[in-house]
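**Student:** Would you be able to build a 3D model of this:
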Amino acid sequence: MRYWLIVNTDAGDGEHGESYWRSHLGAVGLDDLSVRDIADTAWEQDVMEGDRVLVAGGDGSVNRVAVVCVERNASLGVLPSGTANDFARNLDLPDDPRELCQLIASGQTADVDVAWINGRMFLNVAHIGLGTVPAREASAKHKSLFGRFSYLAILAKKVGIQQGFHGKITHDDGTAEGRWLTIAIASGAFFGGGQRVAEARIDDGKLDIVAVRPRSRLRLLMVFLATRLLGRETENGSTVVHVTSSQCRLQLRHAKTLTADGEILGEFSDTTATTCHGILNVACRRIVTA
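**Tutor:** Numbering: from 1, shown residues only. Coordinates of the predicted model:
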């Protein structure tokens, strides 16, 4: 078994790079590391079954390394170093870096789900509609000023402006059709720097599809307060539709931007998403429930 340390030097504020993590990993006895920059793609072909691949970066970096781990049947260790670090939240990783490195050294792991959308693997959430705005408009400067709250700040400016789009959602139990402000397809429970998808888990073998219809700012604010701040479960109704499914298909009248884990995948009018249960082995102590 080989330990890898894959570092994204551009992630977050740059303070949690190679030297930072090597110091903490060395303190718990993990000093025999194969260190690579994530931009050097050669390491991907050298990872072997049973290896442990530690990644220091944000959700985009974690996604890329997770793809390699699934393909090579290796184990993933997340060293949160980005802006949002939503996948790490699903794993309930310790905030203290030494405690986190001790957890990784202990070998404690769990198997979690991954999802695919239009052939692209993702770990957290895919968006069409309003939810794609942060990925399209959150600049590096904006993130440095507001951190994980940059996503919420941008969305706050946009709510009530967009008139929505027409789409049909097909899932295991039926269909939902009409005009939507945003559609989110979640594999895990967290997105946008700590926002939660109610009841979602990263190890239940299901996608959570949450679709919001265009409404007034006041109506949308009331829904947000009820579901996010007061902790109430999302109720299917005239504003929000929330279903769980092993797969889904989105058919839109006009192509819209699709994002997954904060990355822009392109514009699509027909989108298919599926999930695969427990195929990614990760270092963690327990799985968070939303």
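
**Student:** going forward, measure contacts and count neighbours with C-alpha atoms only.
**Tutor:** OK.

**Student:** Helix, strand or coil: sort out residue 22 for me.
**Tutor:** helix (DSSP: H, G, I helix; E, B strand; the rest coil).

**Student:** Under the pLDDT cut-off, which ranges of the stretch 101-250 of the chain? List them.
**Tutor:** Applying pLDDT under 70 to the stretch 101-250 of the chain flags the ranges 133-162, 192-194, 217-237.

**Student:** Kindly recompute the last result at 80.
**Tutor:** Low-confidence segments of the stretch 101-250 of the chain (pLDDT under 80): 131-163, 191-199, 215-238.

**Student:** where along it do the helices fall?
**Tutor:** Per DSSP state H, counting those that start in this stretch, the stretch 101-250 of the chain carries helices over the ranges 133-137, 140-146, 150-158, 217-224.

**Student:** can you give me the strands in the stretch 101-250 of the chain?
**Tutor:** Using DSSP state E, counting those that start in this stretch, the strands of the stretch 101-250 of the chain run over 109-117, 120-122, 125-129, 165-171, 174-180, 182-186, 190-191, 195-196, 207-212, 240-245, 247-260.

**Student:** Check which strands are paired with the first one and give the direction for each one.
**Tutor:** So that's strand 109-117. Next to strand 109-117 in the sheet, as set by DSSP bridges, lie strand 120-122 (antiparallel), strand 263-283 (antiparallel).

**Student:** Go ahead and name everything in contact with that strand.
**Tutor:** 121-123, 126, 187, 202-205, 207, 271-286 (CA atoms under 8 Å, 6 or more residues apart in numbering).

**Student:** let's see it at 6 Å
**Tutor:** Applying CA atoms under 6 Å, 6 or more residues apart in numbering, the contact partners of strand 109-117 are 121-123, 202-203, 272-284.

**Student:** Make a ChimeraX selection of the buried ones in those residues.
**Tutor:** Provided next is the ChimeraX selection string for whichever of these are buried by 16 or more other CA atoms under 10 Å:
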select :121,122,123,202,203,273,274,275,276,277,279,280,281,282,283,284
